[in-house]
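1. With the sequence up front, the predicted model follows.
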Amino acid sequence: QVLLVESGGGSVQAGGSLRLSCIVSGLRISSFTYMAWFRQAPGKKREGVASSYISAGIAYYTDSVKGRFTISRDNAKNTVYLQMNSLRPEDTAIYYCAAGHDRWSDFGYWGQGTQVTVSS
């Protein structure tokens with residue numbers, strides 16, 4: 001059974017930082033083509049935030065987080081991270097970790113989500 005468990009969410013003021021973690025069990029991260037972070041704000045569609053092409057070591061970001069967020073992984077810990085700096089109120093959302101085989105779609109495994117709240 002493959003499980004993804006996120007942690008690290010919380011409440012911060014604008015300009016602050018958080019690091020989200022996603023621990024994967026059941027399969028090695030290298031088994032997936034992509035590991036990604038998505039988010040969903042109240043009343044909005046889920047959007048892809050950061051996606052990592054595992055074998056190539058290439059990261060992709062949605063425009064609104066470029067230069068502020070960084071996706072990374074620790075293969076030994078089978079964990080994916082999302083470092084979020086210079087947080088803005090519009091970053092407030094539930095953040096989900098996902099594992100799959102395309103950059104922004106075809107994700108078969110999802111975590112339960114972790115809440116990030118940024119106050120102004």
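-> Here it is on my side, so go on.
2. Is there a neighbour count for Lys66? I'd like the number.
-> 10 (other Cβ atoms under 10 Å). Any C-beta I mention is one placed from the backbone N, CA and C, and that applies to glycine too.
3. Quick check, pLDDT for it.
-> On pLDDT, Lys66 comes in at 98.
4. same check, this time on Asp106
-> So, for Asp106, pLDDT stands at 85.
5. Local confidence estimate at the nearest residue to it once chain neighbours are set aside?
-> With Cβ to Cβ, 6 or more residues apart in numbering as the criterion, Asp106 has its nearest non-adjacent residue at 5.0 Å, and that residue is Gly100. Looking at Gly100, its pLDDT is 91.
6. and what of the one 3 residues further on?
-> Arg103 carries a pLDDT score of 85 in this model.
7. Tyr34 is in contact with that one, correct?
-> Yes: here Arg103 reaches Tyr34: they are 5.9 Å apart, a contact under Cβ atoms under 8 Å.
8. Settle it for me: which of those two has more neighbours?
-> Each of Arg103 and Tyr34 has its neighbours counted (other Cβ under 10 Å); Tyr34 has more, 22 against 16.
9. quick one, what contacts that one?
-> Ser51, Ser52, Tyr53, Ile54, Ala99, Gly100, His101, Asp102, Arg103, Phe107 (Cβ atoms under 8 Å, 6 or more residues apart in numbering).
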